[in-house]
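J.: turn this into a model:
(2 chains)
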Number of protein chains: 2
Amino acid sequence: MHDAREVVVLRYGHRPGRDDRMTTHVGLTARALGADRVIFPDNAGQSAETVRDITDRFGGPFAVELRDDQQAIVRDFEGVVAHLTMYGERVQDVEGDVREAVGIGGPDATGGASTPRDLLVVVGGEKVPWALYERADFNVGVTNQPHSEVAGLAVFLDRLFEGAELDREWEDADRRVMPEATGKTVIDADDAEDSDDPGTEDSDDPGTEDSDDPGTEDSDDPGTGARD
Amino acid sequence: MHDAREVVVLRYGHRPGRDDRMTTHVGLTARALGADRVIFPDNAGQSAETVRDITDRFGGPFAVELRDDQQAIVRDFEGVVAHLTMYGERVQDVEGDVREAVGIGGPDATGGASTPRDLLVVVGGEKVPWALYERADFNVGVTNQPHSEVAGLAVFLDRLFEGAELDREWEDADRRVMPEATGKTVIDADDAEDSDDPGTEDSDDPGTEDSDDPGTEDSDDPGTGARD
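T.: Presented below is the predicted three-dimensional model:
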């Protein structure tokens, strides 16, 4: 979250077409839950475009990169590598060690402050090579059950940051959603400090099309996402 | 998690083909992270089959239902309804209220023990009707940013159960993954209490095909998931 350290999510492997939506969701989840950057394989251009579009509209900073050298990225990463896999150690057992390794949270066990180090979180797509298991400083299982790489990433990041990512402020956003008990209110971000003025609200009619909410429409279709 | 209360996840809306993978991941995430049951729209038969197949192999109890009356399920649910939406109240602000409403965790604010109540967690697919926002006891935003319904469900369940779901024991599993720092070990669940015997291990060669790990292959293709 733009601290002393950088948290980078690497989507390992991507099959164009078939994986577009999952890869997009990996990127959007990385952005929403506190990572600073996501790296996609270079054949995932459509997903990259969607995540950049969301960042343009809802704010950052958050970077999206396309790279063709997945194995080299992992091998040469100068920092801590955490690989999410159902075969790994239980997240509840190792999350404290990961935090300490990258210097998140309080002083370390020796009583000194931990030194911030960059963290690469690897999320599998296609089969990952055995070398990744060996290079990883932590192979982490968010449960040892088969489920979803997006779910695993979400729980891992929420635990890594101990929920602090939920209070993140966004810069350079065009729009902002106002949390509320019953409603769907989006305001112009420039007017966020002046939201008492009903004239600045941009609230949709409830029940009408709402393509920015991935829960109700496809967040990976930037063409239908424009609301202005 | 098979307590006094039932936690049910409802996948609201599904477009066959396009949504198969997301719907499957909603179901697998619900199962892995402590829900008791998932309800899919009746056109999501393929996703239901995959989740049932995973439950057969990795254990339960976990139920999968296909229903065509999504609106009625929400309207008539006898219990608490939590709808996950980016327009909702911040999860960190309302998770305690949700827990108290369904009787998870300690005594309630009045000092008495909360009464267990069933919980319906609604995860949007297609556009959800405005009536859902109104019926929901809680509209909950896991961030007010667009990301992924699978990620939102995962963080919501992990916070709802305060991590207790990660320690869940599975019944009637054929196989069990052994968490480890570097390795990919699957054992016959019947031999789980006797795993010192190397003869009972069923560990894959590292780096070989591993279709049970959604991080490395498609968990939604039951045809390639069989390893025995």
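
J.: relative to B:Glu134, how far out is A:Lys184?
T.: 12 Å (Cβ to Cβ, to the nearest Å). Where you see a C-beta, it was placed from the backbone N, CA and C, and this is true even at glycine.

J.: those two: which is more packed in?
T.: For A:Lys184 versus B:Glu134, neighbours defined as other Cβ atoms under 10 Å in any protein chain shown are more numerous around A:Lys184 (24 against 11).

J.: could you find the closest non-adjacent residue to the more buried one?
T.: The spatially closest residue to A:Lys184, leaving aside those adjacent along the chain, is B:Tyr87, at 4.4 Å (Cβ to Cβ, 6 or more residues apart in numbering or on different chains).

J.: same question, A:Glu162
T.: A:Gly105 (6.8 Å).

J.: hang on, the earlier thing: tell me which element the residue nearest to A:Lys184 falls in.
T.: Assessed by DSSP states H and E, B:Tyr87 sits inside strand B:80-90.

J.: quick check, the helix or strand just after that strand touching chain A?
T.: Using DSSP H and E, the helix or strand that follows strand B:80-90 in sequence is helix B:91-102. Yes - counting by Cβ under 8 Å from any Cβ of the partner chain, chain A has neighbours in helix B:91-102: B:Val91, B:Gln92, B:Asp93.

J.: burial of the nearest residue to the first one once chain neighbours are set aside, as a residue count?
T.: Just to be clear, that refers to B:Val91. Excluding the flanking residues, the one nearest B:Val91 by Cβ to Cβ, 6+ apart is B:Val142, at 4.9 Å. Look at B:Val142: counted by other Cβ under 10 Å, it has 30 neighbours.

J.: A:Glu78 too?
T.: That count, for A:Glu78 with other Cβ under 10 Å as the rule, works out to 7.

J.: next: A:Glu65.
T.: 13.

J.: equivalent analysis for the one 10 residues further on, please.
T.: Each residue near A:Arg75 was counted by other Cβ under 10 Å, and the total is 12.

J.: and for the one 10 residues further on?
T.: Other residues within reach of A:Thr85, judged by other Cβ under 10 Å, total 28.

J.: what's the burial count for the closest residue to A:Ala82 other than its chain neighbours?
T.: In space, and not counting its chain neighbours, A:Ala82 is closest to A:Phe138: 4.5 Å by Cβ to Cβ, 6+ apart. Per other Cβ under 10 Å, the neighbour tally for A:Phe138 reads 21.

J.: re earlier: who's in contact with the residue nearest to A:Lys184?
T.: By Cβ atoms under 8 Å, 6 or more residues apart in numbering or on different chains, B:Tyr87 lies in contact with A:Val177, A:Met178, A:Pro179, A:Glu180, A:Gly183, A:Lys184, A:Thr185, A:Asp213, B:Tyr133, B:Asn139, B:Gly141, B:Asn144.

J.: quick one: which of these is nearest A:Ala151?
T.: Nearest to A:Ala151 out of the contacts of B:Tyr87 is B:Gly141 (Cβ to Cβ; 17.2 Å).

J.: could you report the distance from the closest one to chain A?
T.: 5 Å (Cβ to the nearest Cβ, to the nearest Å).

J.: that residue and B:Thr85 touch, don't they?
T.: Yes - with contact defined as Cβ atoms under 8 Å, B:Gly141 reaches B:Thr85; the gap is 6.3 Å.

J.: hang on, the earlier thing: pull out the buried members of the residues of helix B:91-102 next to chain A.
T.: B:Val91, B:Gln92 (16 or more other Cβ atoms under 10 Å in any protein chain shown).

J.: now pLDDT too, for the residues of helix B:91-102 next to chain A, in CSV please.
T.: Listed next are the residues of helix B:91-102 next to chain A as CSV, based on pLDDT from 0 to 100:
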residue, pLDDT
B:Val91, 98
B:Gln92, 98
B:Asp93, 98
